[in-house]
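Asks: Predicted model, plus sequence, below.
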Amino acid sequence: MKVAVEGCCHGELDKIYETIAFLERKEGVKVDLLLCCGDFQAVRNEADMKCMAVPQKYRQMQTFYKYYSGEKAAPVLTIFVGGNHEASNHMQELPYGGWVAPNIYYLGYAGVVRYRGVRIGGLSGIFKSHDYRKGHFECPPYDQQTVRSAYHVRNIEVFKLKQIRQPMDIFLSHDWPRGIYHYGNKSQLLKRKSFLRQEVESNSLGSPAAAELLQHLQPAYWFSAHLHVKFAAYMQHQAQKDLLPKATKFLSLDKCLPHRDFLQIVDIEQDPSASDRLEYDPEWLSILKNTAGLVNTTARTWNMPENNGLFSRWDYSASESGLKEVQSDLGGDLRVPENFSATAPHYDPNNPQLQREPTYAVNPQTTELCACLGLTDPNACRTEGVSWEEEEEDNLSTGSAEEPSEYPTDTSGLSSSVNPDEITIEEEWEEEDGEEAAIQSPPARLVLPSPSRTSSSDGLIGNRPPFSLTASLPEPIRVSSSEDSTNEEPARHEGAGLTDGMEGTSSPPSEESSAARPPKRISGENAATGEGTKKIKRRNQTVYTAQGEEEEEEEGDC
């Protein structure tokens with residue numbers, strides 16, 4: 001099965017689908033599935049743009065609304081997770097996932113689905129320790145605080161994913177698992193993104209929650225984005241009991257811009273007898289049913305159950321009876337119903353509605369799934385005024401907002417690095433791009449080794465604690481001098497990894513010239529004292545512009 005993996009989408013669906021069509025024509029292949037790793041920006045109208053955590057100048061309609069309105073149809077099944085620049089009011093309608101447009105599926109805050117026998121999981125948002133233990137309390141109209149916290153990962157989603165015991169083929173996240181950079185060509189990464197050096201050397205770059213999930217799930221492939229750079233890594237996991245050790249091939253990609261590595265095609269083994277329709281995952285649905293009583297829609301901090309003597313139950317994994325119950329609830333049909341319905345008006349370029357305000361809707365897809373499985377719809381709870389503080393107070397331990405993060409080494413709120421490729425929310429700054437656009441070689445297919453599969457109980461994830469405090473990945477085994485290597489791919493053991501017998505696939509060459517642009521310049525603000533964050537200005541090429549001259553593009557935070 002040909003799977004196209006894309007980094008940060010930023011609403012550029014037209015360009016992404018055009019790139020896939022280009023590769024299909026050039027290589028004579030047919031892409032079966034598109035996976036997008038966040039910042040999807042499913043913006044339906046002007047009101048949705050007000051719910052995106054970006055400065056005013058970055059609030060652009062882009063092209064998603066065409067697929068939402070039916071003006072265009074997605075040519076390939078598209079599955080995505082959320083990032084930190086989303087129309088949060090739209091995403092909140094589908095906490096358990098659902099169709100945002102025909103043939104475009106959102107995995108929800110966290111989710112697992114199956115396609116052609118390939119198991120695909122994902123976690124939306126980015127990690128911030130100060131919101132991690134809160135519930136999903138935000139709702140429009142957002143203020144300056146909640147428009148950002150709405151996309152922060154919560155412990156309930158990680159807890160659910162850690163109940164998974166069956167093998168995972170593919171996992172998607174927006175930010176990187178903390179420590180994954182130790183398993184690839186770290187030297188090359190820092191040459192391209194030197195501002196990451198301090199966090200890499202202090203091992204504070206990335207999500208500790210995602211690092212825990214990587215150790216627990218040990219998927220065959222893990223795809224991410226967020227840092228706007230292509231980076232590959234190969235992580236060999238420790239063997240569990242009598243099982244052979246697993247390995248994860250990690251790949252992060254750039255955002256959709258000319259001459260950037262934002263798209264790659266991967267060959268993944270499929271089950272020829274499996275349905276070619278998107279399907280629910282029975283184990284995941286059983287976990288959702290088991291954890292329905294843990295739903296929190298308040299800003300109070302909540303601890304997830306663990307085996308520490310304070311909880312009567314801490315294992316919410318799926319049982320055989322639970323799996324049978326899910327099958328019964330769905331009538332034996334695991335296919336995801338194609339029940340997309342519009343819940344807000346779409347943008348009309350001929351009749352802009354700039355005064356349109358964000359809406360708060362209960363999505364029929366979520367209502368239907370909750371009714372079928374007996375789940376709790378957080379949106380319905382808010383609209384009906386249900387106080388989950390009172391209902392769940394006896395079931396969960398709570399703590400004050402001043403309590404330290406459960407990740408003792410977490411420094412996510414203390415990052416001092418400035419990513420020139422990120423959209424800064426706190427202050428609207430620009431960067432002057434001094435790098436000459438590199439013209440990529442003609443795209444080719446990427447062929448990766450097929451992941452090992454097992455359907456027996458021997459392939460289940462080992463008996464791990466339901467929730468641990470481990471926050472970083474184990475130290476990698478050094479097998480070669482990747483620090484001195486100029487190869488973009490990771491150092492690895494012989495016969496294993498991402499670079500054996502395959503070539504990368506990148507965006508098609510643009511018709512524009514790649515003339516050198518002015519060098520990067522940094523403002524002199526605070527130069528005398530050296531205090532504070534310097535403001536940087538950037539000019540970048542407008543996405544696939546048809547003009548021969550470059551137009552100004554203002555960028556910032558992933």
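Replies: Done, it's in. Every value quoted in this text rests on a predicted model; they were computed, and no experiment measured them.
Asks: Identify each buried residue in stretch 58-69, please.
Replies: 58, 61-69 (16 or more other Cβ atoms under 10 Å). From N, CA and C alone the C-beta is placed, and that goes for glycine too.
Asks: Give the rounded mean pLDDT of stretch 122-134.
Replies: Taken as a whole, stretch 122-134 has an average pLDDT of 97.
Asks: swap that for stretch 235-254, please
Replies: 93.
Asks: That one: which residues count as buried?
Replies: 235-236, 246-254.
Asks: I'd like to know which of those residues is nearest to A361.
Replies: Of all those, A361 sits closest to L253, with 32.0 Å by Cβ to Cβ.
Asks: that older thread, include distance to Q365 when you put the buried residues of stretch 235-254 into TSV, please.
Replies: As requested, those are exported to TSV (distance: Cβ to Cβ, whole Å):
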residue	distance to Q365
M235	35
Q236	40
K246	34
A247	36
T248	31
K249	32
F250	31
L251	30
S252	30
L253	29
D254	31
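Asks: tell me the contacts of E71?
Replies: By Cβ atoms under 8 Å, 6 or more residues apart in numbering, the contact list for E71 reads Y65.
Asks: where does the chain dip in pLDDT?
Replies: Under the criterion pLDDT under 70, the flagged ranges of the chain are 382-558.
Asks: what about the helices in it?
Replies: Along the chain, counting by DSSP state H, helices occupy 13-27, 46-49, 64-69, 88-92, 146-149, 155-161, 186-192, 197-201, 208-217, 282-290, 320-329, 364-373, 378-384, 388-392.
Asks: For I104, which of these is the nearest?
Replies: The nearest among the helices of the chain, by Cβ to Cβ, is helix 64-69 at 6.2 Å.
Asks: Mind listing residues that contact the closest one?
Replies: Under Cβ under 8 Å, 6+ apart, the answer for helix 64-69 is 11, 13-14, 40-45, 71-74, 100-102, 104, 342, 346-347.
Asks: List buried residues within those residues.
Replies: 11, 13-14, 40-45, 72, 74, 100-101, 104, 346-347.
Asks: Surely V336 touches E279?
Replies: Yes - contact status for V336 versus E279: in contact at 6.3 Å, counting by Cβ atoms under 8 Å.
Asks: Give the residues shared as contacts by these two.
Replies: With contacts taken as Cβ under 8 Å, 6+ apart, V336 and E279 have V113 as neighbours in common.
Asks: now, which of the contacts of helix 64-69 lie within strands?
Replies: Per DSSP state E, strands hold the following members of the contacts of helix 64-69: 100-101, 104.
Asks: From those, pick the one nearest V153.
Replies: For these, the nearest to V153 is V100 (19.8 Å; Cβ to Cβ).
Asks: How much space separates the closest one from I120?
Replies: 16 Å (Cβ to Cβ, to the nearest Å).
Asks: do N307 as well
Replies: Taking Cβ to Cβ, one finds N307 at 30 Å from I120.
Asks: Between the two ends of stretch 308-324, how far is it?
Replies: 30 Å (Cα to Cα, to the nearest Å).
Asks: residues making contact with it?
Replies: Outside stretch 308-324, the residues touching it (Cβ under 8 Å, 6+ apart) are 159-160, 163-165, 282-283, 286-287, 289-291, 294, 305-307, 397, 466-467.
Asks: so what's the backbone phi/psi at the nearest residue to N290 once chain neighbours are set aside?
Replies: Distance criterion Cβ to Cβ, 6 or more residues apart in numbering; nearest residue to N290, sequence neighbours excluded, is Y316 at 4.2 Å. Dihedral pair for Y316: phi -110, psi 20, per degrees, to the nearest 10.
Asks: from memory G108 sits against E93, does it?
Replies: No - with contact defined as Cβ under 8 Å, G108 does not reach E93; the gap is 10.2 Å.
Asks: if we can go back for a sec, which one of N307 and I120 is surrounded by more residues?
Replies: I120 (26 against 12; other Cβ atoms under 10 Å).
Asks: That one reaches L217, doesn't it?
Replies: No - assessed by Cβ under 8 Å, I120 is found out of contact with L217, at 11.7 Å.
Asks: which neighbours do those two share?
Replies: Common neighbours of I120 and L217 (Cβ under 8 Å, 6+ apart) are F171.
Asks: count of neighbours near V200?
Replies: 18.
Asks: what's the answer for the one 3 residues further on, then?
Replies: Under the neighbour criterion other Cβ under 10 Å, N203 is assigned a count of 18.
Asks: same thing with the one 4 residues further on?
Replies: The burial metric for S207, expressed as a neighbour count using other Cβ under 10 Å, is 31.
Asks: The one 3 residues further on now?
Replies: Counted with other Cβ under 10 Å, the burial measure for A210 works out to 27 neighbours.
Asks: Just the buried residues of stretch 326-336, please?
Replies: For stretch 326-336, by 16+ other Cβ under 10 Å, it's 326, 329-330, 334, 336.
Asks: And the residues you listed, which is closest to I180?
Replies: Nearest member of the buried residues of stretch 326-336 to I180, counting by Cβ to Cβ, is V336, at 30.2 Å.
Asks: list the contacts for that closest one?
Replies: V336 neighbours (Cβ under 8 Å, 6+ apart): 105, 113, 277-280.
Asks: what do you get for Q60?
Replies: By Cβ under 8 Å, 6+ apart, the contact set of Q60 is 11, 49.
Asks: Skipping adjacent residues, who's closest to F231 in space?
Replies: S252 (4.7 Å).
Asks: isn't the one you found right next to V229, touching?
Replies: Yes - counting by Cβ under 8 Å, V229 is a contact partner of S252 at 6.8 Å.
Asks: Contact partners for C372?
Replies: 329-330.
Asks: do that again at 10 Å, thanks
Replies: Contacts for C372 were tallied using Cβ atoms under 10 Å, 6 or more residues apart in numbering; they are 285, 326, 329-331, 337.
Asks: Repeat that for E24.
Replies: 2, 4, 30-31, 75-76, 265.
Asks: Could you check how far it is from W222?
Replies: 25 Å.
Asks: cool, C256 as well?
Replies: 21 Å.
Asks: Likewise for L107?
Replies: For L107, the distance to W222 - Cβ to Cβ - is 14 Å.
Asks: Which one's more surrounded, those two?
Replies: Shown here are L107 and W222; by other Cβ under 10 Å, W222 has more neighbours (27 against 23).
Asks: G184 is in contact with the more buried one, correct?
Replies: No - between W222 and G184 there is no contact, the gap being 11.9 Å when judged by Cβ atoms under 10 Å.
Asks: shared neighbours of these two, which are they?
Replies: 233, 235, 250-252.
Asks: Can you tell me which of those is nearest A210?
Replies: Out of the shared contacts of W222 and G184, the member with the shortest distance to A210 (by Cβ to Cβ) is F250, at 10.7 Å.
Asks: Can you tell me who the closest one pairs with across the strands?
Replies: W222, A233 (DSSP bridges).
Asks: give me the number of residues near D175?
Replies: D175: 27 neighbours (other Cβ under 10 Å).
Asks: What's the separation between it and G125?
Replies: In terms of Cβ to Cβ, D175 sits 8 Å off from G125.
Asks: likewise G332?
Replies: 33 Å.
Asks: Please apply the same query to W176.
Replies: Applying Cβ to Cβ to W176 and G125 gives a distance of 13 Å.
Asks: Then V112?
Replies: Taking Cβ to Cβ, one finds V112 at 16 Å from G125.
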